[in-house]
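Asks: okay, sequence plus prediction incoming.
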Amino acid sequence: MKIITPRLVLRPTTLEDIPSIVRNINNLNVSKWLLVVPHPYRAKDAKEWIKIQKEKLKKKPKTDYNFGIELKSEHAIIGGIGLHHIDKYQGTATIGYWLGQNYWRNGYGSEALENLLDLAFKKLKLRRLEAGVLVGNPSSGKLLEKYGFKQEGMKKQAIKCKATGKISNEIIYGLLRQDYRSK
Ligand SMILES: CC(C)(COP(=O)(O)OP(=O)(O)OC[C@H]1O[C@@H](n2cnc3c(N)ncnc32)[C@H](O)[C@@H]1OP(=O)(O)O)[C@@H](O)C(=O)NCCC(=O)NCCS
């Protein structure tokens, strides 16, 4: 599946994307806020990740939509975004995203997230989305709150970050379809 927005294409990643994925995610300023991304991040890690995504694409019922975020003007992947743990019976899923540091604060995160929320709430008709944000993350909560996500609680020492090995508290954000403010 491909989602085309004014400046981005959200699409599955391929082996050709490995150099741009590594260039953008091999940076602790990005990976220290993510759960399972190692540091340093090498081509073999990207290859393994792409392989896992490909396998997940075949899974039925579908539990994940994973997209690379391509910047049209550069014809290159600058980040990733996905819906995970989709449970159609419960009407729930979780979300995750990242962008290379060179691309922060340009509204790309908003452009990608808004389209993911449209997919989750308007197309898949999910009722509730959840996102976990490590305490101290300066940007992710701002992005979530812009679309109506609310802080629901904090899980103490819930996350061991793969890149840093650091154990962190995790803030849980939730958004119900009825509260989604499409921009
Ligand atoms: C989270 C992330 C994807 C945000 O992407 P982005 O493209 O920079 O976000 P946007 O430019 O769309 O900004 C969204 C909103 O958050 C605000 N914001 C973004 N970064 C901010 C920061 N560092 N401090 C304060 N506000 C910030 C913006 O002002 C904007 O609000 P506005 O439209 O009302 O002005 C990006 O910072 C990132 O990849 N961080 C590292 C990885 C990460 O934290 N992933 C999420 C794990 S939970």
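Replies: Okay, I see it.
Asks: got the residues of the protein near the ligand?
Replies: Where the chain comes near the ligand, counting by Cβ under 6 Å from any ligand atom, the residues are 30, 33-34, 97-99, 104-110, 133, 137-140, 142-143, 146. Every residue, glycine included, has its C-beta placed from N, CA and C.
Asks: one more time with 5 Å
Replies: When proximity is defined as Cβ under 5 Å from any ligand atom, the chain approaches the ligand at 30, 33, 98-99, 104-105, 107-110, 133, 138-140, 142-143.
Asks: in those residues, which has the lowest confidence score?
Replies: pLDDT across the residues of the chain next to the ligand is lowest for residue 138, at 93.
Asks: which pLDDT does the model give residue 183?
Replies: 64.
Asks: try residue 57
Replies: pLDDT at residue 57 comes out at 85.
Asks: secondary structure element for it, which one?
Replies: Here residue 57, judged by DSSP states H and E, is contained in helix 43-58.
Asks: and the helix or strand following that helix, how far from the chain's centre?
Replies: Counting by DSSP H and E, the element after helix 43-58 in chain order, helix or strand, is strand 65-71. Offset of strand 65-71 from its chain centre (Cα atoms, centre = their mean, to the nearest Å): 9 Å.
Asks: so who does residue 83 touch?
Replies: The contact partners of residue 83, by Cβ atoms under 8 Å, 6 or more residues apart in numbering, come to 64, 65, 93, 94, 95, 116, 119, 120, 124, 129.
Asks: how many other residues sit next to the fourth one?
Replies: One way to gauge burial is a neighbour count; for residue 94, by other Cβ atoms under 10 Å, it gives 17.
Asks: from here on, call the first residue 540.
Replies: In the new numbering, first residue 540, that becomes residue 633.
Asks: so it, which of the three states?
Replies: Under DSSP: H, G, I helix; E, B strand; the rest coil, residue 633 falls in the strand class.
Asks: are any of the residues of the chain next to the ligand buried, and which?
Replies: 569, 572, 637, 638, 647, 648, 672, 679, 682 (16 or more other Cβ atoms under 10 Å).
Asks: since that was my last question, I'll sign off now.
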